[in-house]
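**Student:** Fold the following.
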Amino acid sequence: MVTTEASLSGSPEKNWPEKIRGYFTWQDLVIILVIAILAFLTGNYGLNYVLPGGPGPGFVHAFLKMPGPGTGIFNVSAFICLWLVLGLLVIKKPGTALFIAILIMIFGFTFALAMGGHHGGFTSSSRTTSHGGSAVQSPAGGGTQMGSSTPGAGTSEGAPASGQQSIRIDYLGLVVAMIIELSGLVALEKKPWRYIFPVFLVIMGLTTLILMATGNAKMGENGAAATVFPLGYAVTGILALCLAVILFMYPAGKYIIGAGCAEMFYLVFCWALNGKSGLFSWLPVPAAIPPILTFACVFGAVAAAIAYGAFLLWNTYTRHGINKA
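**Tutor:** Numbers count the residues shown, from 1 in each chain. The predicted structure is shown next:
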């Protein structure tokens, strides 16, 4: 009997590690692993030192004076968009962002087991002083929970009402990666699509600034009337207009669009399923919806734009170094 190479290596369905290794080179796999580790560590621990008040309610409510609910739960996910986009730009192969997201999910689940129910990932809910990581149960609709049957909507940006610790699989991060991947496969740089997102950003940015200027800004998790200067409104509106100009002049930045859309999806998904009283029972007051959506879009898009900037700077530096040599 002749033993073929296929029979030794197993059936094609069971030989997925070889397929991955055949698609990604060893250099690609090393870069993906490094990016995934950096994304996990910086997203869940580095933001405590970068963002005033740390990711979550401390940053969005105490510092930016943004309304809620939901504004504080996607900040880590938005920041990780930087690394997902950077991976796609460096590797230049579809599936890179999804692979990085899977690794981040595995790291988070492993840390959850090691740390007794607290882990990082793509959510940035209430931070715990004991571990410095994100609480595991938020958002309720964004993952599979083990150890608690109580939904994660609560009074602190998705914190569980029961107070129990649990381990959850954050599959929303995979959806974020897939949306970013999809944006790279669609011809968004061609007419008429190249104008849609810049116009959308202009409308949302102006709406946010008008709400601020007319005294209709909201603040706090319950969306109360703003009693201090709404810094988040000003920053969000201005950045939205700047991003609109960038995308109008540089329509090839499709991953910027993908990251913005991914974070808006993340937020709307949580609004829909994080409530205790049925679908979309966790919605903010109507006047707070446009600025919060704009904030989610801008946060993800800015993270992707930073990845583009870093990639372009590195390419410029390497070309200059080669020419100089």
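**Student:** Which helix runs longest in the protein?
**Tutor:** The longest helix of the chain (DSSP state H) is helix 289-324.
**Student:** and that one, which residues are buried?
**Tutor:** Buried residues in helix 289-324, defined by neighbour count with 16 or more other C-beta atoms under 10 Å: 289-308. The C-beta positions use only the backbone N, C-alpha and C, and glycine is treated the same way.
**Student:** Kindly report the same for stretch 210-223.
**Tutor:** For stretch 210-223, burial by neighbour count (16+ other C-beta under 10 Å) applies to 211, 212, 217, 218, 219, 220, 221, 223.
**Student:** Need the distance between the two termini of that stretch.
**Tutor:** For stretch 210-223, the first-to-last residue distance is 17 Å (C-alpha to C-alpha, to the nearest Å).
**Student:** what sits up against that stretch?
**Tutor:** Around stretch 210-223, the neighbours that count as contacts under C-beta atoms under 8 Å, 6 or more residues apart in numbering are 57, 61, 65-69, 155-157, 224-228, 230, 233-234, 237, 284-285, 287-288, 290-291.
**Student:** Can you list which of these are found in helices?
**Tutor:** Applying DSSP H to the contacts of stretch 210-223, the entries found in helices are 57, 233, 234, 237, 290, 291.
**Student:** Residue 89 contacts residue 305, doesn't it?
**Tutor:** No. Shown here, residue 89 and residue 305 do not form a contact pair, counting by C-beta atoms under 8 Å, at 11.7 Å.
**Student:** what's the distance between stretch 234-246 and the middle of its chain?
**Tutor:** Relative to its chain's centre, stretch 234-246 lies at 18 Å (C-alpha atoms, centre = their mean, to the nearest Å).
**Student:** swap in stretch 43-59?
**Tutor:** Centroid separation for stretch 43-59 versus its chain: 14 Å, with C-alpha atoms, centre = their mean.
**Student:** got it, and stretch 197-206?
**Tutor:** So, by C-alpha atoms, centre = their mean, the centroid of stretch 197-206 is 20 Å from its chain's centroid.
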